[in-house]
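**Student:** Fold the following.
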Amino acid sequence: QVQLEESGGGLVQAGGSLRLSCAASGIIFSLSTMGWFRQAPGKQRELVASITSGGSTNYEDSVKGRFTISRDNAKNTVYLQMNSLKPEDTAVYYCNALAGRWTMLTLYSSWGQGTQVTVSS
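**Tutor:** Predicted structure coming up:
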């Protein structure tokens, strides 16, 4: 059974930082390309960062230079370090395994609860 558990969100002022974590189980984590998604109220879910099994990373344009995705295969965990946060980063953040290097298609239909990130101005 696939389980994805996101954590680390919170309320932060603009310019602040947060580090999100996503612990995965029930998947072959070390071979999976992992992605972080976010969904703001009234908006569609979007992919913001991905990391391949080999460690190659990709970012959505609005977060380049501010967000860093990383992974620890020993812990089956993927991280998202978010710096210089902006109010427009406010959203619920989710992780999942991707069907490719940079795609909205996920390998699993199951999603975790997500973690809320709120950035105040």
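**Student:** what pLDDT does the residue at minimal distance from the centre of the chain get?
**Tutor:** Nearest to the geometric centre of the chain sits residue 36, at 2.2 Å (C-alpha atoms, centre = their mean). Residue-level confidence at residue 36 comes out at 98, pLDDT.
**Student:** does it belong to a helix or a strand, and which?
**Tutor:** strand 33-39 (DSSP states H and E).
**Student:** After that strand, which helix or strand is next?
**Tutor:** Taking DSSP H and E, what comes next after strand 33-39 is strand 46-51.
**Student:** and for the strand holding residue 36, what are the contacting residues?
**Tutor:** By C-beta atoms under 8 Å, 6 or more residues apart in numbering, the residues outside strand 33-39 that reach it are 20, 22, 24, 45-53, 67, 69, 71, 78, 80, 89, 91-98, 100-101, 106, 114, 117. Placement of C-beta: from N, CA and C, glycine included.
**Student:** Likewise for stretch 55-73?
**Tutor:** Contacts for stretch 55-73 (C-beta under 8 Å, 6+ apart): 29-30, 34, 36, 46-51, 77-85, 88-89, 101-102.
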